[in-house]
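Visitor: here's a sequence, model it:
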Amino acid sequence: MRKRWFWIPLAIVGMVLFAFVGGEVVMHLWNWLLPPLFGWRMLGFWQALGLLALCRILFGGLGGHGPRHNRGWRFRDRCRNMSPEEREKFRKAMAEGYGFGDAGEKAVL
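Guide: Got it, this is the predicted structure:
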């Protein structure tokens, strides 16, 4: 129990340090590259930290390595367990584009 109490303040300090370093890196890279190249405004620290959080939400998720990383394995397992009739139905649906796009374009499977 005592070990756990030691790690909690250390984890909080680590998260604050990570946020500070991340914000500084984003701010300096933005201010070094984008204003000279595109004429965009310079960022302050809090704007850079907000941009870092926004990018994390949009592109990196909110943490954890949940089931989204196992999609490929699940798909392969489903394909392996298909009967020949199901495979043919799947191939036909893929070739037809599942009703999206131009029906004249055929996929080669």
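Visitor: so who does Leu33 touch?
Guide: Neighbouring residues of Leu33 by C-beta atoms under 8 Å, 6 or more residues apart in numbering: there are none. C-beta here means a position set from N, CA and C on the backbone, and glycine is covered the same way.
Visitor: contacts for the helix or strand of the chain with the lowest mean pLDDT, please.
Guide: Among the helical and strand segments of the chain, the one scoring lowest on mean pLDDT, DSSP states H and E is helix 71-80, with a mean of 76. With C-beta under 8 Å, 6+ apart as the test, helix 71-80 has contacts from Arg87, Phe90.
Visitor: check the offset of it from the chain's centre.
Guide: The chain centroid and the centroid of helix 71-80 are separated by 20 Å under C-alpha atoms, centre = their mean, to the nearest Å.
Visitor: again, but for stretch 34-49
Guide: With C-alpha atoms, centre = their mean, you get 23 Å for stretch 34-49.
Visitor: in that stretch, what counts as buried?
Guide: Residues of stretch 34-49 classed as buried by neighbour count (16 or more other C-beta atoms under 10 Å): Leu43, Ala48, Leu49.
Visitor: and the pLDDT at Glu105?
Guide: Listed pLDDT for Glu105 reads 53.
Visitor: try Met1
Guide: 59.
Visitor: what does Trp32 give?
Guide: Value listed for Trp32 in the pLDDT field: 96.
Visitor: next, the contact list for it, please.
Guide: Taking C-beta under 8 Å, 6+ apart, one finds nothing in contact with Trp32.
Visitor: which helix or strand contains it?
Guide: Per DSSP states H and E: Trp32 is located in helix 2-38.
Visitor: C-terminal to that helix, what's the next element?
Guide: Past helix 2-38, the next helix or strand by DSSP H and E is helix 45-55.
Visitor: now for that following helix, which elements pack on it?
Guide: Applying 3 or more C-beta pairs under 8 Å, 6 or more residues apart in numbering; DSSP states H and E, we find helix 45-55 packed against helix 2-38.
Visitor: buried residues, the helix it packs on. List them.
Guide: Gly23, Val26, Met27, Trp30, Asn31.
Visitor: just the angle between whichever helix or strand comes after the least confident helix or strand of the chain and helix 71-80, please?
Guide: Counting by DSSP H and E, the next helix or strand C-terminal to helix 71-80 is helix 84-96. Angle between the axes of helix 84-96 and helix 71-80 is 120 degrees (criterion: axes from the mean of the first three to the mean of the last three C-alpha atoms, to 10 degrees).
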